[in-house]
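1. Okay, structure incoming, though there's no sequence with it:
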């Protein structure tokens, strides 16, 4: 049964296509924070949500309570409705969100080794602009169309571990290897056959190493007795600055003939990211959390040059999870329900205006067996606006995760 589910799920995750957003043309693209349906259904973050049944890619300290060998795979399905003051468009797609593996080494010491692949950013856009040259007020002009297309993004390979600290603290750290590929195409087509069009293509590959650190406090309700409930914790996570290096290839063509090729180095400095959050569990059935993320993208640079359309970004997120009480003779304990909301000030300044994003999400889990589940999330987000000749985007994302747990290693006593 479990093998059948894995095979079916793998059939839906063979594609690495991507969603579509015109705003992903800036820098490294739009940030991705969550690679699991559980987090997506609770507002994306969850830096302090301690759960032994899930592998967090937000905070490595959260691996400290995992007691089974675990694997998680995620697939995303998207629908984007974009428009300006005069037109609207629709595009749908799907893409593989990543995978995670975790191996508990010692549950007594909270030592768990985890590794995986997750998406850090996504570039995916395809749009056109029409115009006339020279402008019509200077005589009869030649109509033309400018087509812009881009795809790629930054992925993160991570390997790390968690460990218990004195006084009930849990810490974690990971080594992060970033690899990215980006393809950009700009094309002009003339409306008059007497004039040849042209194309400019830019392809680049970058890679680099960074690190992440995390910390979770002990249950503060046991220490301070501030409020009623079962559990209250604070979590923090820090992703270090990353210097990514690689190369770029440029070529342009006119009338279908390639007329120049050049290449060069590309160096990208990605600013570090800081998260802090709280998680509160009033009883067995309910968990709530709130998080704050900050990243100073104003320090982002390419080839030592800072770009004017970047600003410091932040994200506020809150979520809730409800697991019905277990009742003998029923299957209500087989389900979990989630909801979340987030507000993000994105890194981008477009035509001098801040670009903000508001998201709401719902989540649901079905327990296949004792330690295995199928997790689902539906997320709606709005970014941009139609005024000032900007583009408004309404995005829907459906996320599916397969979460598997097995007891692989049994520690035997020695006499």
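-> Alright, I've got the coordinates. Just so it is clear, the model here is predicted, and its values are computed rather than measured.
2. residues contacting the closest residue to residue 239 other than its chain neighbours?
-> Leaving aside its chain neighbours, residue 239 sits nearest to residue 273 (4.2 Å; criterion: C-beta to C-beta, 6 or more residues apart in numbering). Placement of C-beta: from N, CA and C, glycine included. Neighbouring residues of residue 273 by C-beta atoms under 8 Å, 6 or more residues apart in numbering: 238-239, 293-295.
3. okay if I get those residues as a markdown table plus distance to residue 286 and secondary structure?
-> Output for the contacts of residue 273, formatted as a markdown table (distance: C-beta to C-beta, whole Å; DSSP: H, G, I helix; E, B strand; the rest coil):
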| residue | distance to residue 286 | secondary structure |
| --- | --- | --- |
| 238 | 29 | strand |
| 239 | 30 | strand |
| 293 | 24 | strand |
| 294 | 28 | strand |
| 295 | 30 | strand |
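4. Kindly give a single PyMOL line that selects the buried subset of those.
-> In PyMOL syntax, the buried subset of these is picked out as below (16 or more other C-beta atoms under 10 Å):
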select buried, resi 238+239+293+295
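5. Now render the contacts of residue 273 as a markdown table, adding distance to residue 183 and pLDDT.
-> A markdown table is the format used below for the contacts of residue 273 (distance: C-beta to C-beta, whole Å; pLDDT from 0 to 100):
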| residue | distance to residue 183 | pLDDT |
| --- | --- | --- |
| 238 | 32 | 96 |
| 239 | 26 | 96 |
| 293 | 29 | 96 |
| 294 | 31 | 96 |
| 295 | 25 | 96 |
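6. Tell me the one of the contacts of residue 273 nearest residue 129?
-> Using C-beta to C-beta, residue 295 comes nearest to residue 129 of the contacts of residue 273, at 30.6 Å.
7. tell me the average confidence for stretch 346-360?
-> Averaged over stretch 346-360, pLDDT sits at 89.
8. Between its first and last residues, how far does it reach?
-> Chord length of stretch 346-360, first to last residue, is 16 Å (C-alpha to C-alpha, to the nearest Å).
9. Identify the residues contacting that stretch?
-> Stretch 346-360 is contacted by residues 23, 26-27, 30-31, 43-44, 295, 297, 300, 308-313, 339-345, 379-384, 388-390 when judged by C-beta under 8 Å, 6+ apart.
10. now stretch 214-222
-> 47-48, 50, 59-62, 64, 167-173, 226-227, 229-238.
11. Quick check: residue 381 touching residue 341?
-> No - under the criterion of C-beta atoms under 8 Å, residue 381 makes no contact with residue 341, lying 10.6 Å away.
12. Compare these two (neighbour count), which wins?
-> Comparing residue 381 with residue 341 by neighbour count (other C-beta atoms under 10 Å), the higher total belongs to residue 381, at 19 against 16.
13. ok now the strand or helix carrying the more buried one, how far from the chain's centre?
-> Element membership for residue 381, per DSSP states H and E: strand 372-383. Taking C-alpha atoms, centre = their mean, to the nearest Å, the mean C-alpha location of strand 372-383 is offset from the chain mean by 12 Å.
14. Likewise for stretch 316-327?
-> 22 Å.
15. again with stretch 366-378
-> That offset, for stretch 366-378, works out to 21 Å (C-alpha atoms, centre = their mean).
16. before we move on, the earlier item: now do the very next helix or strand once past the strand holding residue 381 against strand 372-383, angle only.
-> Per DSSP H and E, the first helix or strand lying C-terminal to strand 372-383 is strand 392-406. Here the directions of strand 392-406 and strand 372-383 differ by 160 degrees (axes from the mean of the first three to the mean of the last three C-alpha atoms, to 10 degrees).
17. Paired strands for strand 392-406, with orientation please.
-> Paired neighbours of strand 392-406 in the sheet (DSSP bridges): strand 69-83 (antiparallel), strand 372-383 (antiparallel).
18. Check the model's average confidence along the shortest one for me.
-> It stands for strand 372-383. Mean pLDDT, strand 372-383: 93.
19. how about the strands paired with strand 392-406 in JSON lines, adding distance to residue 262?
-> Below are the strands paired with strand 392-406 laid out as JSON lines (distance: least, C-beta to C-beta, whole Å):
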{"stretch": "strand 69-83", "distance to residue 262": "33"}
{"stretch": "strand 372-383", "distance to residue 262": "34"}
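20. Any idea which of these gets closest to residue 366?
-> strand 372-383 (5.0 Å).
21. what's in contact with the closest one?
-> With C-beta under 8 Å, 6+ apart as the test, strand 372-383 has contacts from 2, 5, 21, 23, 36-38, 40-41, 53, 338, 346, 355-368, 392-405.
22. Separate out the buried members of those.
-> Among those, the ones that count as buried by 16+ other C-beta under 10 Å are 21, 23, 36-38, 40-41, 53, 338, 346, 355, 357, 359, 361-363, 365, 367-368, 392-395, 397-405.
23. got the angle for whichever strand or helix holds residue 344 vs strand 372-383?
-> Secondary-structure assignment from DSSP H and E places residue 344 in strand 335-350. Following the same axes, to 10 degrees, one obtains 30 degrees for the angle between strand 335-350 and strand 372-383.
24. got the buried residues for strand 335-350?
-> For strand 335-350, using 16+ other C-beta under 10 Å, the buried residues are 336, 338-342, 344-350.
25. likewise stretch 111-131?
-> Residues of stretch 111-131 classed as buried: 111-112, 114-125, 127 (neighbour count, 16+ other C-beta under 10 Å).
26. cool, and stretch 94-114?
-> Neighbour-count burial for stretch 94-114 flags 94-104, 107, 110-112, 114 (criterion: 16+ other C-beta under 10 Å).
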